[in-house]
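Colleague: the following block contains a protein sequence and its predicted model.
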Amino acid sequence: MKLILLGPPGAGKGTQSQLISEKCGIPQLSTGDMLRAAVKAGSPVGLKAKAIMAAGGLVPDDVVVGIIAERIAEPDCKKGFILDGFPRTLPQAASLDQLLKSKGLHLDTVIELKVDDTILASRIEKRASETLAAGGTVRADDNADALKTRLMAYYRETSPLTGYYFAHGLLKAVDGMAPIADVTRQIDDVLGLIRAG
Ligand code: AMP
């Protein structure tokens, strides 16, 4: 099964992707996690991405497409994967289509987590304070200024993807404002339909 989880920052893509990953035994491919690891390692990709990410901007398409192309080629992706945070632009979506087509693969579904803009800032603040309380390190982009830029990038670059995937007959919207377990149930329903179909 090959899925995309789509939604604004703070919509719960990471949480739900992880749950699907555990349930279905397929890896969660988070470009955000991969880029943060690259920044931490000080790799060439990390050096390119560090300042852009801290400011809340989008890393260039060729960089993230390269990361995903390499990752999808790994053996654990044979059974499928969940894309979390990729694609984020129309050119990334087109590159993904090409990449999958070249391997004789196709996407099964795109799940959109729908969340009101007004609650995103408070969700991200909550994530930062919970991380601090647990003794962790708060993400460099979990602050008010970077969040504004991340939301702008989402509405300008990423939100057109809902139309793109709707036109491809792949989009399934889910209420991302429900409690986590309810969101999970809605996703299970969507995935059940796919398995049945
Ligand atoms: P995330 O963990 O998905 O919120 O991503 C954190 C940051 O990583 C984003 O704000 C971007 O700077 C960068 N990033 C992650 N995925 C992508 C992508 N597909 N395209 C461009 N930038 C990305």
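Modeller: Arrived safely, thanks for sending.

Colleague: for the ligand, what's the nearest residue on this protein?
Modeller: Going by CB to the nearest ligand atom, the ligand is nearest to G32 of the chain, at 1.9 Å. All C-beta atoms are positioned from the backbone trio N, CA, C, and that covers glycine.

Colleague: could you look up the SS state of that residue?
Modeller: helix (DSSP: H, G, I helix; E, B strand; the rest coil).

Colleague: for the spatially closest residue to it that is not a sequence neighbour, give me its contacts.
Modeller: Closest residue in space to G32, ignoring its immediate chain neighbours: G85 at 4.6 Å, by CB to CB, 6 or more residues apart in numbering. Residues in contact with G85, defined by CB atoms under 8 Å, 6 or more residues apart in numbering, are K13, G14, S30, T31, G32.

Colleague: would you turn these into TSV with pLDDT and neighbour count?
Modeller: Formatted as TSV, the contacts of G85 follow (pLDDT from 0 to 100; neighbours: other CB atoms under 10 Å):
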residue	pLDDT	neighbour count
K13	95	24
G14	95	17
S30	98	21
T31	98	22
G32	96	19
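
Colleague: adding distance to L191, write the residues you listed out as CSV.
Modeller: CSV is the format used below for the contacts of G85 (distance: CB to CB, whole Å):
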residue, distance to L191
K13, 15
G14, 17
S30, 19
T31, 22
G32, 23
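
Colleague: is any part of the helix or strand hosting L151 close to the ligand?
Modeller: For L151, the enclosing helix or strand under DSSP states H and E is helix 144-153. Yes. Judged by CB under 6 Å from any ligand atom, helix 144-153 comes into contact with the ligand at R150.

Colleague: what does the helix or strand following that helix rub up against?
Modeller: Following helix 144-153 in sequence order, the next helix or strand is helix 160-167 (DSSP H and E). Identification of contacts with helix 160-167 by CB under 8 Å, 6+ apart yields I4, L6, P87, R88, T89, L90, A93, V110, E112, L171.

Colleague: ditto for stretch 53-67
Modeller: The contact list for stretch 53-67 (CB under 8 Å, 6+ apart) reads 31, 34-36, 38-39, 45, 48-49, 52, 86, 88-89, 91-92, 95-96, 99, 140-141, 145-150, 153, 157.

Colleague: how long is it end to end?
Modeller: Stretch 53-67 stretches 15 Å from its first residue to its last (CA to CA, to the nearest Å).

Colleague: repeat that for stretch 153-164.
Modeller: Its start and end residues considered, stretch 153-164 measures 17 Å (CA to CA).

Colleague: just the buried residues of it, please?
Modeller: A153, Y154, E157, T158, L161, T162, Y164 (16 or more other CB atoms under 10 Å).

Colleague: centre of the chain to that stretch, how far?
Modeller: 13 Å (CA atoms, centre = their mean, to the nearest Å).

Colleague: tell me which element S122 falls in.
Modeller: Assigned by DSSP H and E, S122 belongs to helix 117-133.

Colleague: what angle do that helix and helix 144-153 make?
Modeller: Angle, helix 117-133 to helix 144-153, by axes from the mean of the first three to the mean of the last three CA atoms, to 10 degrees: 140 degrees.
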